[in-house]
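A.B. asks: this one's structure only:
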């Protein structure tokens, strides 16, 4: 009985992974397909990878996107975790208000926020720069981090921390040894969500990036209007393989507490 | 052990970053580099251009030729709609050097004072423009000052699959023909679709519709035939290549490019007419580098530029006789677009008042929402 | 010392992120809120005046309500489908999969989303179209049912949305379920609780915060979505999100676009308040029962 359930469970997990990864596999396969219009039947060709090598715009834009997403995910996760911690650790007046104002940033389409930010910076006479770009990206990422981290913090037994403190641990040690392992899954989820949010964000980058600085989503969204090439699939495939390898490597290293 | 593995992971990240950059050291958010500019002396300054991505002016040969000639770096800011050109000019004044609005949007930019008058005497190639473009009243204000240089032009008409329609298409009504149900792809633009419906109703002046309700009814009928609405050239080509659609309204330049890439696509300007458009280069108010902007305008309407663009990627129809003459006899832009009869059938885009735009847009929204 | 220290901690912990949110999100959205009551965008030399016309326009044109309702329903379907598909997966990951695989699997759920939405949706088009990958797969399985042909229908939009938002549900649920210690469940078992009781009485209530966070992160963005409906929905792909997008991209009607977005926000807040009430009631009922 137990075995049957386990087998079923594995089958289910596998089918969900197929659902999640199916389109990704198609995307990668199309990077090796000769037709620029994704036509089937499939003809193997490396032409798009060859073109990619000389397409400096896409390469630089990809690197910009990765650097930006890394910076945004680290910054947003750090700041958001602090806020979530405060909300979980302390009871105070206005807490539910602070929670409610997380809703508009998620509910209002980013397009509107991007246009509004553009105008606000114009009125404040702040030129578009890396600063304005990071301000926007971190801004939309924060509510995600706070919500995810609050979910995790809700289960934390604060007595443990106090016990450690009363046994002489300084606050930092108490955090590192007691709290950090408990919230690790939340931290990883936050980092990965915010990386995804920034890495795939077209509207904010399109309106807020300084002139001459491009990101991968901006390249993709603007290039479809007048034609588009599977070089995009080629670079997506490369990014995918690197991130999957990275994740499997680090997944073996980072252990969630039992 | 843990430290060792962390190092491996870090290494992977660095490797990934440098692999993407093509340079050995990751340099955070470097501006997009132009093709191999390291060998030359540092550029004097950067010429900032607003245009569509992949629309001629960002071809590598331009960055190479023009950039070298004047020792400038060319940076493109890409747009997703004509409206965005205006947004960029309104919120970033004195930033851009040259922009590419179509004639209708050039008018709005003129009315808002976002563009500067152009001293055409400074353009060597100005006199080479075909009279019908050079003398276009829409380029001028009341005093006769010119604000835009016509670059290329084209039509939004009908593209169809030559395998599915071996006898061709001879009427705009094909889009409404019940035998084409579920095979039509239409451009998601209230202006284009309302003009199309007007033309299909036999209206010769679709920008001043006789009966907007009849237009709406006609569009509702069109929706019955529609498979999907497209918003970009890439989308249309994919729909077409994979058999999701066999006909639809499409851009002339895009159809020519698609045929060049091997799709069984033909393009026809039906007898009822179609929509014409003209893209113009203009200089924004307080552009930082006006001298080079003039050089850019001159270069953009040169036959040398046009022909190289047409050879490498495929271009819309040219605005100079010299470019037209240099094309092969059977070249689409010469044989079809160069035909005066075809030209006479086109209704060129007009500048609409905000009220009309609002009214038309709401009508189109209602049609789409009815599905 | 307690009180001041507490206050100090609160300020230090909350100010950075909330300060950032106010500057980067709430202030600009405030500007947009004001815009929704103006006749035009106040840049350049435009004559701008206070008006309720934008709101009147919404209420006078029934098709805007219809599209809003359609979008709300789409958000609801997406959320429910994500819960139905995601809950078992989260449960399996947290309680059945061997420990050493958990972190990797957890992260693998989100890796697909380190890719571009447009490219992903194009890939879905390849899968869902007539004669596409899904049809080929079904034929390969031996069914001769012809084509499913769901590309450019409403179902295709749902497939794209569920795929895009499922990780939010799986991961937030995992985070919540993972906190429930196994010893706790074992204790319940030794007290005679069967599997169903252990799930319904212990796991489920404790996983509720995760489900709520996940639902918020799915429902709210999906009602404003426009890329998925546009690229997969065909002629059925017009929703309130696509209308809002048009106001900003195709037209210079930021005021009306802002109006639509804020009306949507009001609906969301009302729904969340109702949900909050419902949960409180449920908790009260549970309290009485146990």
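C.D. replies: Now that the structure is in, tell me what you want to look at. Owing to the predicted nature of the structure, the values given are computational and were not obtained by experimental measurement.

A.B. asks: what residue spans form the domains of chain B?
C.D. replies: Using automatic domain parsing, the domain parsing of chain B gives B:46-153+B:278-332, B:154-276+B:348-369.

A.B. asks: make JSON lines out of the ones you listed and add mean neighbour count and mean pLDDT.
C.D. replies: C-beta coordinates here come from the backbone N, C-alpha and C atoms, glycine included. Shown next, in JSON lines, are the domains of chain B (neighbours: other Cβ atoms under 10 Å in any protein chain shown; pLDDT from 0 to 100):
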{"stretch": "domain B:46-153+B:278-332", "mean neighbour count": "19", "mean pLDDT": "93"}
{"stretch": "domain B:154-276+B:348-369", "mean neighbour count": "20", "mean pLDDT": "94"}
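
A.B. asks: just send the ones you listed back as a markdown table, with distance to residue A:2 too.
C.D. replies: Listed next are the domains of chain B as a markdown table, based on distance: least, Cβ to Cβ, whole Å:
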| stretch | distance to residue A:2 |
| --- | --- |
| domain B:46-153+B:278-332 | 55 |
| domain B:154-276+B:348-369 | 47 |
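
A.B. asks: which one of the ones you listed lies nearest to chain C?
C.D. replies: Closest to chain C of the domains of chain B, according to Cβ to the nearest Cβ: domain B:154-276+B:348-369, at 3.8 Å.

A.B. asks: for the stretch 101-250 of chain C, what spans make up the helices?
C.D. replies: With helices called from DSSP state H, counting those that start in this stretch, the stretch 101-250 of chain C shows them at C:117-128, C:133-141, C:154-179, C:182-190, C:195-197, C:204-223, C:227-232, C:240-249.

A.B. asks: whether the third one contacts chain A - can you check?
C.D. replies: Looking back up the chat, that one is helix C:154-179. Yes: Helix C:154-179 reaches chain A (Cβ under 8 Å from any Cβ of the partner chain) through C:163, C:166-168, C:171-172, C:174-176, C:178-179.

A.B. asks: pick the one among those residues closest to residue A:195.
C.D. replies: Nearest to residue A:195 among these: residue C:167, at 12.1 Å, using Cβ to Cβ.

A.B. asks: do I have it right that the closest one meets residue C:113?
C.D. replies: Yes: using Cβ atoms under 8 Å, residue C:167 is in contact with residue C:113, at 5.9 Å.

A.B. asks: what is the burial count for residue 210?
C.D. replies: No chain in the question, so chain A it is. Neighbour count for residue A:210, taken as other Cβ atoms under 10 Å in any protein chain shown: 15.

A.B. asks: that was the other one, I meant chain C.
C.D. replies: Using other Cβ under 10 Å, residue C:210 is surrounded by 28 other residues.

A.B. asks: any idea how far residue A:183 is from the closest residue to it other than its chain neighbours?
C.D. replies: In space, and not counting its chain neighbours, residue C:210 is closest to residue C:176: 2.7 Å by Cβ to Cβ, 6 or more residues apart in numbering or on different chains. According to Cβ to Cβ, to the nearest Å, residue C:176 and residue A:183 sit 13 Å apart.

A.B. asks: the more surrounded of those two?
C.D. replies: residue C:176 (27 against 22).
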